[in-house]
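Student: pasting the structure only:
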Ligand SMILES: O=C(O)c1[nH]c(=O)[nH]c(=O)c1I
């Protein structure tokens with residue numbers, strides 16, 4: 001079996017990659033992803049200026065997953081663009097993802113105009129779902145603002161673009177959100193970001209410093225919500241808008257379920273943070289074993305074919 005995939009006009013040797021924020025802060029980490037079994041990588045979400053992020057401790061692993069309130073720490077847009085342009089020379093046949101978001105609507109447009117005018121040939125992931133910048137809402141929970149933002153963006157942005165979404169929890173919200181996304185030539189949507197503003201307690205205390213311990217939840221806790229978001233949008237979106245499945249992937253079986261729900265690419269966050277880039281080899285082999293046992297040669301043989309009772 002092969003776990004290769006495609007998104008838009010891009011082909012990838014493997015349908016696994018990191019989730020933005022994990023193992024993608026600088027050149028050192030990104031190089032490790034390039035040299036791993038991952039099919040591609042996405043950068044840490046970049047802002048116009050570098051950001052130190054929230055006070056530490058701001059990330060904590062638990063038995064069932066993780067909680068984080070990083071606060072968008074990153075080395076700034078130019079650092080990541082420079083590296084991505086360098087990779088276009090050293091790895092001309094590979095396509096990478098550039099995650100970004102502005103701290104204001106104006107900044108978001110400034111960033112995307114810089115990408116549009118640059119020689120960047122990869123895929124842009126606009127993060128509409130950061131839950132950890134105090135005072136800043138998760139943009140994609142405001143569908144009116146999201147529609148206006150996408151309408152303005154697509155008036156000038158002509159390169160491949162997808163959006164990173166927070167989890168939705170109401171069928172009516174799936175309907176309303178899909179109606180908005182279907183209006184635009186999106187290359188993909190990525191479901192889901194961490195479940196925002198959870199609380200993890202050990203003994204009598206929170207485990208992270210920012211926001212009195214409130215942070216985005218990842219790992220085993222979130223797979224049912226992640227699968228539901230992947231499948232809800234798979235059922236509702238134009239087939240031209242691919243779906244990246246993120247959330248709760250620990251094993252090949254978890255990845256199989258994301259693809260069964262409609263995902264064309266699977267991102268790994270918490271498990272990558274805990275295990276390191278070798279996780280890509282393990283999970284890829286586990287998925288290939290499942291496919292071989294079931295007689296599936298490619299992921300297209302079962303993608304989206306979730307059975308109902
Ligand atoms: O706190 C973060 O940096 C962060 N953390 C997340 O869990 N998701 C996000 O999109 C972001 I931008």
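Tutor: Received the coordinates, thanks. Treat the numbers as computed from the prediction; the structure is a model and nothing was measured. Numbering: from 1, shown residues only.
Student: going forward, measure contacts and count neighbours with C-alpha atoms only.
Tutor: Noted.
Student: the residue of the stretch 101-250 of the chain found nearest the ligand: neighbouring residues, count only.
Tutor: Going by Cα to the nearest ligand atom, the ligand is nearest to residue 130 of the stretch 101-250 of the chain, at 3.6 Å. Around residue 130 there are 25 other residues, counting by other Cα atoms under 10 Å.
Student: my guess is it contacts residue 138, does it?
Tutor: Yes. The pair residue 130 and residue 138 qualifies as a contact (Cα atoms under 8 Å) at a distance of 5.7 Å.
Student: so what's residue 25 up against?
Tutor: Each residue near residue 25 by Cα atoms under 8 Å, 6 or more residues apart in numbering is listed here: 43-44, 74-75.
Student: could you work out the most separated pair of these?
Tutor: Largest separation among the contacts of residue 25 by Cα to Cα: 43 and 75, giving 10.5 Å.
Student: just to revisit the earlier point, which residues do residue 130 and residue 138 both contact?
Tutor: With Cα under 8 Å, 6+ apart as the test, residue 130 and residue 138 both reach residue 166.
Student: run through the residues that contact residue 182.
Tutor: With Cα under 8 Å, 6+ apart, residue 182 has these contacts: 237-238.
Student: how does it look with 6 Å?
Tutor: residue 237 (Cα atoms under 6 Å, 6 or more residues apart in numbering).
Student: what's the helix ranked longest in the chain packed up against?
Tutor: Counting by DSSP state H, the longest helix found in the chain is helix 278-294. With contacts defined as 3 or more Cα pairs under 6 Å, 6 or more residues apart in numbering; DSSP states H and E, the packing partners of helix 278-294 are helix 252-260.
Student: pull up the residues of the stretch 101-250 of the chain that are close to the ligand.
Tutor: 129-130, 132, 193-194, 216 (Cα under 6 Å from any ligand atom).
Student: so which residues of the protein form helices?
Tutor: Going by DSSP H, the chain shows helices at 27-34, 77-90, 105-117, 143-153, 171-181, 223-236, 252-260, 270-275, 278-294.
Student: comparing the ones you listed, which comes out most buried?
Tutor: helix 252-260 (a mean of 23; mean count of other Cα atoms under 10 Å).
Student: got a list of contacts for that helix?
Tutor: 227, 245, 249, 283, 286-287, 302-306.
Student: can you report how many residues neighbour the residue nearest to residue 140 when sequence neighbours are not counted?
Tutor: In space, and not counting its chain neighbours, residue 140 is closest to residue 128: 5.3 Å by Cα to Cα, 6 or more residues apart in numbering. Residues lying near residue 128 (other Cα under 10 Å) number 21.
Student: and residue 128, what does it touch?
Tutor: Residues counted as contacts of residue 128 (Cα under 6 Å, 6+ apart) are 139-140, 164-165.
Student: out of the residues you listed, list just those in strands.
Tutor: 164-165 (DSSP state E).
Student: just the closest of the contacts of residue 128 to residue 26, please.
Tutor: Using Cα to Cα, these come closest to residue 26 at residue 164, 20.3 Å.
Student: isn't the closest one right up against residue 131?
Tutor: No. Residue 164 lies out of contact with residue 131 (Cα atoms under 6 Å); the separation is 11.8 Å.
Student: partners of residue 66 in the sheet?
Tutor: residue 61, residue 218 (DSSP bridges).
Student: tell me the pLDDT at it?
Tutor: Reading off the confidence values, residue 66 has pLDDT 99.
Student: repeat for residue 131
Tutor: So residue 131 comes in at 89 (pLDDT).
Student: before we move on, what about residue 135?
Tutor: So residue 135 comes in at 89 (pLDDT).
Student: quick check: it vs residue 60, distance?
Tutor: Taking Cα to Cα, to the nearest Å as the measure, residue 135 falls 22 Å from residue 60.
Student: with residue 83 instead?
Tutor: For residue 83 relative to residue 60 (Cα to Cα), the value is 29 Å.
Student: same question for residue 236.
Tutor: According to Cα to Cα, residue 236 and residue 60 sit 35 Å apart.
Student: do residue 46 as well
Tutor: On the measure of Cα to Cα, residue 46 and residue 60 end up 22 Å apart.
Student: so between these two, which is more surrounded?
Tutor: Comparing residue 46 with residue 60 by other Cα under 10 Å, the one with more neighbours is residue 46, at 29 against 15.
Student: I'd say the more buried one and residue 78 touch.
Tutor: No. If you go by Cα under 6 Å, residue 46 and residue 78 don't touch, sitting 8.7 Å apart.
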